[in-house]
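Chemist: this one's sequence-less:
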């Protein structure tokens, strides 16, 4: 859609506002995103502004969850998006994003979206991956290749990751995992908390609590192992994504 005012219009149920905000934060640094809570100004006629913004958007992203079925205004936005797409598929696209397992309850999927290829955000950091997939889709619709700057930045980050000094490696790690930063920060916070609790349990006085202390240490140790595995998965996924970008020479 040439001359579109917005790249993405986010349609969500009221109960999914936090997920919509997270997706907005993942998209907005590199795209023009309309989200009612972020874009409407005090005094705006929200019904008119939402209608105009959606009509001036390239893609309507519909967040689907068990709350969608009862979300009247979201279903109105879905109907409007499908109408825009039917009138001119090249001018408007509709992308379902499943916040829960995509096929868990097909009854919650609004009519007209079941045949649309959707994106799954139910896995850990699912919205981070969805943001990257949506941005890649936008690049392809624009017919624009990844910028040399972005490819060079990814190549530099990978180079620093295998650099000689610790500072270079830490800098490369920070850059490579940038897209997953909220998840990494959360996992690190959980890991630190677990380690503190393990230390507290190990040093707790008293013989009578030995069994409970052993159980607590076992649970906390298992949780730490799970967090470390999640961090490793995020790291490997980040490196893979950075390598794809660095090696890409054409449109996505």
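Modeler: Okay, I see it. Because the structure is a prediction, the values reported are computed rather than measured.

Chemist: host element of residue 185?
Modeler: Element membership for residue 185 (DSSP states H and E) is helix 181-203.

Chemist: what helices and strands are in contact with that helix?
Modeler: helix 210-247 (3 or more CB pairs under 8 Å, 6 or more residues apart in numbering; DSSP states H and E). (Glycine included, C-beta is placed from N, CA and C.)

Chemist: show me what the helix it packs on is packed against.
Modeler: Using 3+ CB pairs under 8 Å, 6+ apart: helix 210-247 touches helix 148-161, helix 166-176, helix 181-203.

Chemist: and of the ones you listed, who's closest to residue 109?
Modeler: Evaluated over these, closeness to residue 109 peaks at helix 181-203, with 26.5 Å, by CB to CB.

Chemist: buried stuff in that closest one?
Modeler: 183-184, 187, 190-191, 194, 197-198, 201 (16 or more other CB atoms under 10 Å).

Chemist: again, but for stretch 227-236
Modeler: Buried-residue list, stretch 227-236, by 16+ other CB under 10 Å: 227, 230-231, 234-235.

Chemist: between those residues, which is nearest residue 141?
Modeler: Nearest member of the buried residues of stretch 227-236 to residue 141, counting by CB to CB, is residue 234, at 28.1 Å.

Chemist: the closest one against residue 188, yeah?
Modeler: No: using CB atoms under 8 Å, residue 234 is not in contact with residue 188, being 10.5 Å away.

Chemist: ok, back up a step: can I get the helices and strands packed on helix 210-247 in TSV with mean pLDDT?
Modeler: Below are the helices and strands packed on helix 210-247 laid out as TSV (pLDDT from 0 to 100):
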stretch	mean pLDDT
helix 148-161	69
helix 166-176	69
helix 181-203	80
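
Chemist: want to throw those into TSV with distance to residue 5?
Modeler: Output for the helices and strands packed on helix 210-247, formatted as TSV (distance: least, CB to CB, whole Å):
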stretch	distance to residue 5
helix 148-161	24
helix 166-176	32
helix 181-203	28
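
Chemist: residue 119 is nearest to which of the ones you listed?
Modeler: Between the helices and strands packed on helix 210-247, helix 181-203 lies closest to residue 119; by CB to CB that is 16.9 Å.

Chemist: got any ranges where this structure has weak pLDDT?
Modeler: 1-3, 101-108, 143-151, 153-154, 163-165, 168, 171-172, 174-182, 204-211, 241-252 (pLDDT under 70).

Chemist: select the longest strand from it.
Modeler: Under DSSP state E, the strand in the chain containing the largest number of residues is strand 57-64.

Chemist: thinking again about what came up before, name the nearest of the buried residues of helix 181-203 relative to residue 58.
Modeler: Of the buried residues of helix 181-203, the one sitting nearest to residue 58 (CB to CB) turns out to be residue 183, at 27.3 Å.
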